[in-house]
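Participant: Need the 3D shape of this:
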Amino acid sequence: MNRILVADDHPLFRAALRQAAAAAVPDAEVGDVADLDSLLGALAAAPDTDLVLLDLRMPGSRGLSGLAALRGQFPGVAVLVVSAHDEPSVVRRVLAHGAAGFLPKSADPSAIAEAVRSVLEEGHWLPAGWAEAVAALPADAGDAQLAAKLSRLTEQQFRVLSMLAEGLLNKQIADRLGVQERTVKAHVTAIFEKLEVRNRTQAGVLLRSLDLGSNEP
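Facilitator: Numbering: from 1, shown residues only. Now for the predicted structure:
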């Protein structure tokens with residue numbers, strides 16, 4: 001039995017995606033979550049999940065940060081990104097960060113069903129006519145390198161990195177996470193080593209490079 005998880009913070013759209021996924025794969029177990037923490041928790045509880053339909057922007061996630069966290073911590077789970085931000089350059093970045101496909105939010109139920117089946121059966125999917133436009137764009141080596149670096153972080157380290165990017169101090173991060181400050185310091189040291197950066201500013205710049213600009217979906 002396939003296990004599919006829909007991650008979107010809009011209840012009506014989440015329900016539509018869930019219905020379309022269930023129609024595409026009638027024997028699948030289809031669940032849904034509304035934020036990144038719930039998504040990561042659900043995957044930790046069910047790591048054998050086959051597919052996640054991922055909204056790029058929801059609580060806990062902005063730009064490609066949610067995708068990066070998901071791919072880094074659960075590399076065996078296929079991800080179909082669902083977004084209104086459908087410029088070819090964005091789709092190119094989504095694929096560089098490990099997504100199996102991209103589905104615009106304007107897609108009708110039949111296209112959603114086709115995308116779900118294609119990713120489960122063939123491992124990839126793009127809307128008709130999109131592949132050529134996306135392939136014509138030059139690959140950004142920086143995205144591939146960043147994806148590889150972020151994949152080294154643990155779930156807690158990714159959370160700490162997100163808070164570093166917000167400008168929080170170690171004590172503030174420790175209070176928010178409910179851990180001791182020395183634990184945060186150890187995470188920060190590991191983050192710097194894994195991302196190959198020297199300080200908090202450089203780490204924050206790396207994470208913010210996952211933003212998609214002021215018109216994010």
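Participant: can you pull out the strands in the chain?
Facilitator: In the chain, the strands defined using DSSP state E lie at 3-7, 29-33, 51-55, 78-83, 101-104.
Participant: Where does pLDDT dip in the protein?
Facilitator: 213-217 (pLDDT under 70).
Participant: Neighbours of N199, how many?
Facilitator: 11 (other Cβ atoms under 10 Å). Backbone N, C-alpha and C define where each C-beta goes, glycine included.
Participant: do you know how far it is from A136?
Facilitator: 38 Å (Cβ to Cβ, to the nearest Å).
Participant: Let me see the contact set for the nearest residue to K194 once chain neighbours are set aside.
Facilitator: In space, and not counting its chain neighbours, K194 is closest to R152: 4.2 Å by Cβ to Cβ, 6 or more residues apart in numbering. R152 sits next to G72, K194, L195 when contact means Cβ atoms under 8 Å, 6 or more residues apart in numbering.
Participant: What separation is there between the first one and D140?
Facilitator: Spelled out, that is G72. Taking Cβ to Cβ, one finds G72 at 18 Å from D140.
Participant: now L150
Facilitator: L150 is 15 Å from D140, by Cβ to Cβ.
Participant: Neighbour count: these two, which is higher?
Facilitator: For L150 versus D140, neighbours defined as other Cβ under 10 Å are more numerous around L150 (26 against 13).
Participant: what sits against that one?
Facilitator: So L150 contacts A68, A69, R71, G72, F158, L195 (Cβ under 8 Å, 6+ apart).
Participant: Surely the third one and L95 touch.
Facilitator: I take that to be R71. No. Between R71 and L95 there is no contact under Cβ atoms under 8 Å: 11.3 Å.
Participant: Quick check: buried residues in stretch 112-122?
Facilitator: I112, A113, E114, A115, V116, S118, V119, L120 (16 or more other Cβ atoms under 10 Å).
Participant: do stretch 88-104 as well
Facilitator: Buried residues in stretch 88-104 (16+ other Cβ under 10 Å): 90-104.
Participant: same check, this time on stretch 74-92
Facilitator: 74, 77-83, 85-86, 90-92.
Participant: tell me the two of the residues you listed that are most distant?
Facilitator: F74 and D86 (24.5 Å; Cβ to Cβ).
Participant: which ones are touching the spatially most central residue of the chain?
Facilitator: In the chain, the centroid-proximal residue (Cα atoms, centre = their mean) is L67; its distance is 1.4 Å. Taking Cβ under 8 Å, 6+ apart as the criterion, L67 is in contact with L54, L56, S61, V79, V81, V94, H97, G98, A99.
Participant: Farthest-apart pair in those, please.
Facilitator: S61 and G98 (14.8 Å).
Participant: State the number of residues packed around the closest residue in space to H10 that isn't next to it in sequence.
Facilitator: Nearest residue to H10 in three dimensions, chain neighbours excluded: D55, at 7.7 Å (Cβ to Cβ, 6+ apart). Applying other Cβ under 10 Å, we find 25 residues neighbouring D55.
Participant: Thank you, goodbye.
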